[in-house]
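Student: Turn this into a structure:
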Amino acid sequence: MSRALVVIDHGPSTERGWLALRTALALSLGGHDVAVFLYAEGAGWALPVDARAWLGGDPDKEVAGLLDDAGAAVIVDRDSLEAIAGASVEPVRGIVLAERDDFDRRYSESATVVSP
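Tutor: Have a look, this model is predicted:
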């Protein structure tokens, strides 16, 4: 199974953010071992999101699907998350704060790197 890294830098308020999540899900369904790195505005996916009223979907289920169904590792850049929500916020269940070398290590181990 090859490793894939999906870098998501668009938040829940954009279609590109949703497309990036679905790309990660598709890679996992295709047999890849997927890691997702939430960065910049994409760190917004690490927070509780309720956009059903205007997007007609449930973003929290998209993230839960990555974590629970696909078994993806989802990490969020600490600085990006703090810029969006403040220093004391914690990511939602299953998403972990990136350690200093997480991105570099996952990038170097991945056969495929995608940033939709």
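Student: make it CA atoms for all contacts and neighbour counts henceforth
Tutor: Noted.
Student: Quick check: closest non-adjacent residue to A24.
Tutor: Among residues not flanking A24 along the chain, V6 sits closest, at 6.1 Å (Cα to Cα, 6 or more residues apart in numbering).
Student: Quick check: that neighbour is in a strand.
Tutor: Yes. Membership of V6 in a strand is supported by DSSP: H, G, I helix; E, B strand; the rest coil.
Student: Use 55 as the first number from now on
Tutor: Sure, I'll start counting at 55 from here, so that last one is V60.
Student: Specify the beta-bridge partners of it.
Tutor: Beta bridges link V60 to V90, V168, judged by DSSP bridges.
Student: Check what pLDDT it gets.
Tutor: Predicted confidence (pLDDT) for V60: 96.
Student: dump the residue contacts of it.
Tutor: Contacts for V60 (Cα atoms under 8 Å, 6 or more residues apart in numbering) come out as 74, 77-78, 88-91, 167-170.
Student: Next, please give the residue ranges for the helices of the protein.
Tutor: Here the chain has its helices, by DSSP state H, at 69-83, 106-109, 113-118, 132-139, 156-163.
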